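**Student:** Sequence and predicted structure, then a few things I'm wondering about:
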Amino acid sequence: MSNPIELYYWPTPNGWKISIALEEMGLPYELKAVNIGKGEQFTPEFLRISPNNRMPAIVDPQGPDGAAISVFESGAILQYLGRKTGKFYPKDERGRVVVDEWVMWQMGGVGPMFGQASHFRNYAPSLVDDPIKIEYGQTRYNNEVNRLLGVLERRLEGLDYVAGAYSIADMAIWPWVRIAAIFGQNMDEFPKAKAWIDRIAERPAVQKGVAVGADLRMRPEAGSKEAEESRKALFGQTASSIAAAAKAAQS
Ligand SMILES: N[C@@H](CCC(=O)N[C@@H](CS)C(=O)NCC(=O)O)C(=O)O
């Protein structure tokens, strides 16, 4: 029996990509919660595994040649797990290129743009402070989210999954797209994407994956001390603030 993969995780769309993949691939794993609202992503131990101070990350005790390996960036983790298991990641070059294209589309487009749309919708300071700038940010990122949903809708014309067969690309894209309605997108505009969301949601491994650590995700009440601490940990990060947080975590 091999040692479980360590999953550095917090229950968010980027975290779900990996809990879903591990469930789909039937790999044993051990949860290592990284409470990003409390700044646990800045500890020197975590930064050694994930230098970008973001979760998810994994440590596979049985990496290449049997030695341990750590991987950060969800797209790289999905590709690593796909290569390791030979599941949901085609071995033939043409098939693999298509999956890689859609994984990269998620990593470079969907993740960052949905992330910014969420920031401007849920976290930007009140409209009263600076209505023009905030509205500009909201419109820009909501339009990008809408454009990306249109790309997905066109892609799913005649396909059940983005690369033909269900793959790590769907696992990367689904956790963000399924919450697009919460960002104010009208999903009736995108019937194929909507059907794809439901098709994937029916998979038992996906249901297990999104349930991982659900009890950890307790959004602090707006205006509470916890909410203020979480804002401080997550927003306004600079190179020197990360260095200071890492140092503080060490002492
Ligand atoms: N490109 C990264 C993005 C990961 C990411 O943004 N993770 C967020 C949570 S969804 C995080 O760890 N945030 C901590 C922080 O902002 O300090 C990936 O796909 O792995």
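**Tutor:** Right, received. Where do you want to start?

**Student:** Stretch 48-56 vs the ligand: in contact?
**Tutor:** Yes - judged by CB under 6 Å from any ligand atom, stretch 48-56 comes into contact with the ligand at 53-56. Placement of C-beta: from N, CA and C, glycine included.

**Student:** Also stretch 26-46?
**Tutor:** Yes - for stretch 26-46, a contact with the ligand is found by CB under 6 Å from any ligand atom, at 36, 41.

**Student:** any idea how far that stretch is from the chain center?
**Tutor:** 14 Å (CA atoms, centre = their mean, to the nearest Å).

**Student:** Can you tell me what sits against it?
**Tutor:** Contact with stretch 26-46 is made by 2, 4-10, 12, 22, 47, 50, 53-55, 57-58, 81, 85, 212-213, 216, 220, 226, 229-230, 233-234, 242, 245-246, 248-250, as judged by CB atoms under 8 Å, 6 or more residues apart in numbering.

**Student:** From those, list the buried ones, please.
**Tutor:** Among the contacts of stretch 26-46, the ones that count as buried by 16 or more other CB atoms under 10 Å are 4-10, 12, 22, 47, 50, 53-55, 57-58, 81, 212-213, 230, 233, 242, 245-246, 249.

**Student:** element containing I200?
**Tutor:** helix 191-201 (DSSP states H and E).

**Student:** Please disregard the earlier target; I meant E135.
**Tutor:** Judged by DSSP H and E, E135 forms part of helix 131-155.

**Student:** okay, the angle between the helix or strand following that helix and helix 131-155?
**Tutor:** Next helix or strand after helix 131-155 toward the C-terminus (DSSP H and E): helix 168-177. Counting by axes from the mean of the first three to the mean of the last three CA atoms, to 10 degrees, helix 168-177 points 140 degrees away from the direction of helix 131-155.
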